[in-house]
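# got a predicted structure here, sequence first:
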Amino acid sequence: MFDRIAILGPGLLGASLLQAAKRRGLCRRTAVWSRRPETRLKCETQPWCDAVFADAGDAVAEADFVVACTPVDTIVPLFAQIAPRLAHGTLVTDVGSTKSLICRHARAALPEKVAFVGSHPMAGSEKTGLEHADPELFQGRACFVTPLVDTPAADVERVARFWKALGMEVATTTPEAHDEIAAHVSHLPHLFASAYCAYLSTRDPNWIHFAGPGLRDTTRVAAGDPALWKAIALQNREEILRALDGFQRELDQLRAALHNNQPFPLQHLLERGRDYRLRLRPLGEKPKEG
């Protein structure tokens, strides 16, 4: 599919992407850039990495496909940095979990000679770093492809085809629609888990020893990188605020049912929650036809 893929930021997603691309024969050569010397040293010993660079421009100079896998607040500045080194016709995407700001500013940062199409593979984890990379990380997961209105259809199809080749279920939508969806199904759950754990940290510290699987399952994502999630929350704050408003209405209904000792509204809320949870398909399982 590509001669040379360049990954900017070989963390969990970037390293997993190159492992998967190599395993599935989607490229001939791979190149990696990392700002951390220790990460570059690790990459030099990996069979899925053909070349490692200390300069991002050097990493992309001969690539026909570039994927930015850095935190959302660094993607556009990184694009501006590599812009002079990109060859004519290079396809560029990213894996950021916010899309409106990135897609809008990427167009201005990148030269017209290259093609940019935003992406967001929903395959992250609270774990970080290439030591946790997995070539099957993308199998059966959802992936958003978020072109702008005037993005050529052929470029959109090339990016979508790549993610499909990694085993992902691809949905094409606008950057704005993506941010609304992500705020509800990804960003709000993380912030809720973090806020809940922050609240528990104000209670008796001995309570932590009594935590069962319910607390652990509900708050797993709170173990994610706070700096990374701060950037995500600030970039998508308007949609997250709207999601919080909607969730607050559910909390108000729950509080009212308990305060007024109303068993039927309480049970109705619990049933709606159970029914939605039961409809979630296991990670890695493809949706059923129809």
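That came through fine.
# report the central residue of the protein.
Central residue of the chain (C-alpha atoms, centre = their mean): residue 97, 4.2 Å from the mean position.
# isn't there a helix covering that residue?
No. Looking at residue 97 with DSSP: H, G, I helix; E, B strand; the rest coil, it is coil, so not inside a helix.
# pretty sure it sits against residue 185.
No. Contact criterion C-beta atoms under 8 Å: residue 97 and residue 185 do not qualify, at 10.8 Å. The C-beta positions use only the backbone N, C-alpha and C, and glycine is treated the same way.
# the stretch 51-200 of the chain: helices as residue ranges?
Per DSSP state H, counting those that start in this stretch, the stretch 51-200 of the chain carries helices over the ranges 56-60, 72-82, 100-109, 153-165, 175-182, 188-200.
# okay if I get the ones you listed as CSV plus mean pLDDT?
Formatted as CSV, the helices of the stretch 51-200 of the chain follow (pLDDT from 0 to 100):
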stretch, mean pLDDT
helix 56-60, 97
helix 72-82, 97
helix 100-109, 95
helix 153-165, 98
helix 175-182, 98
helix 188-200, 97
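# can I get these in a markdown table including mean neighbour count and distance to residue 229?
Shown next, in a markdown table, are the helices of the stretch 51-200 of the chain (neighbours: other C-beta atoms under 10 Å; distance: least, C-beta to C-beta, whole Å):
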| stretch | mean neighbour count | distance to residue 229 |
| --- | --- | --- |
| helix 56-60 | 21 | 24 |
| helix 72-82 | 20 | 10 |
| helix 100-109 | 18 | 16 |
| helix 153-165 | 17 | 23 |
| helix 175-182 | 20 | 12 |
| helix 188-200 | 16 | 6 |
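# out of these, which is closest to residue 245?
helix 188-200 (10.7 Å; C-beta to C-beta).
# taking helix 175-182 as reference, get the angle to that closest one.
40 degrees (axes from the mean of the first three to the mean of the last three C-alpha atoms, to 10 degrees).
# phi and psi next, for residue 17.
Residue 17 adopts backbone torsions of phi -60, psi -50, taken as degrees, to the nearest 10.
# nearest residue to residue 65 other than its sequence neighbours?
In space, and not counting its chain neighbours, residue 65 is closest to residue 2: 4.3 Å by C-beta to C-beta, 6 or more residues apart in numbering.
# ok, the one you found touching residue 24?
No. Because the distance of 11.7 Å does not satisfy C-beta under 8 Å, residue 2 is recorded as not touching residue 24.
# more neighbours: which of those two?
It is residue 2, of residue 2 and residue 24, that has more neighbours when counted by other C-beta atoms under 10 Å, with 18 against 13.
# which residues touch the more buried one?
Listed by C-beta atoms under 8 Å, 6 or more residues apart in numbering, the contact set of residue 2 reads 26-28, 64-65, 91, 162.
# residues near residue 136, how many?
Around residue 136 there are 15 other residues, counting by other C-beta under 10 Å.
# quick one, phi/psi of the residue nearest to the centre of the chain?
Note on residue 97: its backbone torsions stand at phi -90, psi 10 [degrees, to the nearest 10].
# so what pLDDT did it get?
We have a pLDDT of 97 for residue 97.
# domains of this protein?
Domain assignment for the chain by automatic domain parsing gives 2-173, 178-279.
# and these, which is most packed in?
Of all these, domain 2-173 has the most neighbours on average by mean count of other C-beta atoms under 10 Å, namely a mean of 19.
# chain center to that domain: distance?
12 Å (C-alpha atoms, centre = their mean, to the nearest Å).
# can you show me the strands along this protein?
For the chain, the strands defined by DSSP state E cover 2-8, 27-33, 51-53, 65-68, 91-94, 115-116, 118-121, 142-146, 169-172.
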